[in-house]
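S.K.: pasting the sequence and the predicted model now:
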Amino acid sequence: ARQLYNASEQERLRRDHPGESDIFRCRGPYSCYVKGCLQPTYGLGDAYLKYAHFNHFPGRVVPEPYKPPYIRSAPQITRRPLASVSEGDFLVLATDGVWDYLSDQNAVDLVNRARKNGENAAEAVVEATLELAAARFGIAREQLVSMPTGRQRRRIHDDA
C-alpha cells in the first residue's frame, strides 16, 4: 500500500479535495492518516473512504466535509525480475488482519503444510489467523466469527 507520509500522496489528496482541511492528519513524520482514519492511500477494503453509500457503519463514519473517494483500489503495478523461481514456489498476499497474527515464516509453513495435505492454503491461513486472534482475547473462534461486524469485533480482529 502506498503510505500517506509520501509527499506526492499528500499533494494528490490536497488537489483532489480542496477545502477539506482535515483531508489528512499527521501524528509524526511517518504516521499520517486519511481523514484521521487510515494510513495507506491505496487499499482493498475500507469502502467508506471510497464510496459515500458505505459511510454509515457504526464506528466507520467520516463527518462532513466528506467527498470520497479518498483512497484508491486500482493497483499500482511494479515489475521486478525474479531470480531462481522454481516449480512450487509461491507468494503470500495478505491483509494487515493476517500479518497482525502471523509471521512470514508462520504463513509459509501453513501454506506448505496445506499444499502437502491437498488442502486450500488460503483457508488454512485465514483459519490460523482467526484461531490466534480468538486465543489472544481468551474467546473461542466461534465467538469471534459470530460477533457482528463493527467496533467491538474490530477491537479484537481486523478482518483477514
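M.R.: Looks like it came in fine.
S.K.: CA atoms for contacts and neighbours, from now on please.
M.R.: Will do.
S.K.: which residues of the protein fall in helices?
M.R.: Ranges of helices in the chain, per DSSP state H, are 7-16, 96-99, 104-116, 121-136, 141-146, 151-156.
S.K.: what stretches of this structure score poorly on pLDDT?
M.R.: For the chain, the stretches with pLDDT under 70 are 1-5, 30, 42, 44, 59, 75-76, 158-160.
S.K.: now do 80
M.R.: Scanning the chain for pLDDT under 80 picks out 1-7, 27-31, 38-46, 57-60, 73-80, 82-83, 95-97, 100, 149-160.
S.K.: so which of the helices of the chain comes closest to Asp89?
M.R.: Ranking the helices of the chain by proximity to Asp89 (C-alpha to C-alpha) places helix 104-116 first, at 9.7 Å.
S.K.: and the closest one, what does it pack against?
M.R.: Contacts defined by 3 or more C-alpha pairs under 8 Å, 6 or more residues apart in numbering; DSSP states H and E place helix 104-116 against helix 121-136.
S.K.: go through the helix it packs on and flag the buried ones.
M.R.: By 16 or more other C-alpha atoms under 10 Å, the buried positions in helix 121-136 come out as 121, 124-126, 128-134.
S.K.: got it, and stretch 77-97?
M.R.: For stretch 77-97, by 16+ other C-alpha under 10 Å, it's Gly97.
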